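Asks: turn this into a model:
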Amino acid sequence: MTPPHHPAHPLPAAGPLSAADLLTNRIRPYPWGSTTAIARLTGRRPTGEPEAELWMGAHPDSPSTLDRGNGPEPLDQVIARDPHHELGRRVAQRYGARLPFLVKLLAAEHALSVQVHPSADQAEAGYAAEEAAGVPRDAAHRIYRDRHHKPELLCALDDFDALCGFRDPAATAALMASLDAPALAPWIATLRSADPATALRTVLTEALDADRAGGEEAVAELAPALERAAGTPGPHSATFAAYAAAGRDYPGDPGLVAALLLNHVRLRPGQALFLDARVPHAYLHGTGVEIMANSDNVLRCGLTPKHVDVQALATVVDFRPGPPTLVPPTGGVDGELHYRTPAAEFALSRLDLLGRATLAADGPQILLCTEGSAELHRSPGRSLTLRRGDSAFLSATGAQAELRGTATLYRARVPEHPAV
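Replies: Residues are numbered from 1 along each chain as shown. Have a look, this model is predicted:
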């Protein structure tokens, strides 16, 4: 199925070396997506079908398009034709003819799979091994579809439930013990007695191992136990409710046990969560702006009908427990708030525009407007209007951009110095 396009407002051509262009973006219709959220934000009538992600960038699977007077052209082809102009010397020298980040508007009505992304070294080695073995890149069991890692940042637009990183095993054992699910007893004992990394590895791999009946038996007890706990007032009722909803989304899936090992976090609007390589995570419900390294390498840990490679997971996942990495925004000029991460490929900021603001010319940028409207002025090129749901690509011309209006915009770029 070809994903639908989000139409941009038509504008006069800005010439072959435009400094800023409105983007037309593709929607990914995954089954877990909302039927209303992306349509509402982009000002369209809902189709009644799930719309999960709106992709903004130059990923070859669903590149954005722009029109400089000769008809729509994919952004990845525009960049490949003149990477130094589009990306700037600094970015082109490091990443070649490739925009290193991808921006998504993500709208989850149901839980996504529990998943993890490989480190840069793991991605390079895994991709080379699968290429050498002749595994087709579109094969269902293919893991490494490119050579790149995939750190990511999610900034919530509304209340957003997610799972991220392993909870301390003793705390998970206590959480499990409070449920009426006797099949969990052996894993509770493991979580209480083994060292943390060994305990988490054992429970995760045993629950997901297709040759064992333990995972399915545990889920048969766990799902109704979570429903009961969610309906009982207490300090963990919201957490139990989040797991119970995931269990309803994927009935009988042993990935529910894997999910129970992870920290539950609820983001409020404007809060952000950073997901580094090797950290298992899942998005459960909500709408947010997501930015990531431009990669599609994903290993799934359950809550999915897709391929789960337990052996590969055991080598990629970081089994050390730890809290979710929340990223508080820090202030800048002109009302711009920065979400600083250690990722070298991307930086995300939010601009609450009231009047005028100036954006420094520091490489390729993508702007996404989520509220209001703004006039974007940059030379060379013509002015353009960004309305709610619109996005624009700013090439690395060296010219500053000026915004005028009242709007909330998210700005994606390549940082010169990533946060430590």
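Asks: what about stretch 312-331, start to end distance?
Replies: End-to-end span of stretch 312-331 (Cα to Cα, to the nearest Å): 41 Å.
Asks: now that stretch, how far from the centre of its chain.
Replies: Average the C-alpha atoms of stretch 312-331, do the same for its chain, and the two points are 14 Å apart (Cα atoms, centre = their mean, to the nearest Å).
Asks: what's the answer for stretch 271-284, then?
Replies: With Cα atoms, centre = their mean, you get 8 Å for stretch 271-284.
Asks: also stretch 96-112?
Replies: Relative to the centre of its chain, stretch 96-112 is centred 5 Å away, using Cα atoms, centre = their mean.
Asks: stretch 296-315 too?
Replies: Put simply, stretch 296-315 sits 16 Å off its chain's centre (Cα atoms, centre = their mean).
Asks: what distance separates the start and the end of that stretch?
Replies: So stretch 296-315: terminal residues 18 Å apart, Cα to Cα.
Asks: okay, buried residues for it please.
Replies: Residues of stretch 296-315 classed as buried by neighbour count (16 or more other Cβ atoms under 10 Å): 296-304, 308, 310, 312-313. C-beta: built from backbone N, CA, C; applies to glycine.
Asks: need the residues you listed in TSV with distance to Leu267 and pLDDT, can you?
Replies: Listed next are the buried residues of stretch 296-315 as TSV, based on distance: Cβ to Cβ, whole Å; pLDDT from 0 to 100:
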residue	distance to Leu267	pLDDT
Asp296	24	85
Asn297	24	90
Val298	21	91
Leu299	24	92
Arg300	22	92
Cys301	21	91
Gly302	22	91
Leu303	19	92
Thr304	22	91
Val308	27	90
Val310	30	92
Ala312	29	91
Leu313	26	92
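Asks: output those residues as CSV; include the columns secondary structure and distance to Thr24.
Replies: Output for the buried residues of stretch 296-315, formatted as CSV (DSSP: H, G, I helix; E, B strand; the rest coil; distance: Cβ to Cβ, whole Å):
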residue, secondary structure, distance to Thr24
Asp296, coil, 21
Asn297, coil, 26
Val298, coil, 26
Leu299, strand, 32
Arg300, strand, 30
Cys301, coil, 34
Gly302, coil, 35
Leu303, coil, 32
Thr304, coil, 30
Val308, coil, 35
Val310, helix, 40
Ala312, helix, 36
Leu313, helix, 37
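Asks: okay, now Asp138: neighbour count?
Replies: Burial measure for Asp138: 7 neighbouring residues, criterion other Cβ atoms under 10 Å.
Asks: and the buried residues of stretch 296-315 as JSON lines, adding distance to Val279?
Replies: Shown next, in JSON lines, are the buried residues of stretch 296-315 (distance: Cβ to Cβ, whole Å):
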{"residue": "Asp296", "distance to Val279": "17"}
{"residue": "Asn297", "distance to Val279": "14"}
{"residue": "Val298", "distance to Val279": "13"}
{"residue": "Leu299", "distance to Val279": "12"}
{"residue": "Arg300", "distance to Val279": "14"}
{"residue": "Cys301", "distance to Val279": "11"}
{"residue": "Gly302", "distance to Val279": "15"}
{"residue": "Leu303", "distance to Val279": "16"}
{"residue": "Thr304", "distance to Val279": "18"}
{"residue": "Val308", "distance to Val279": "17"}
{"residue": "Val310", "distance to Val279": "18"}
{"residue": "Ala312", "distance to Val279": "16"}
{"residue": "Leu313", "distance to Val279": "13"}
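Asks: much appreciated, bye for now.
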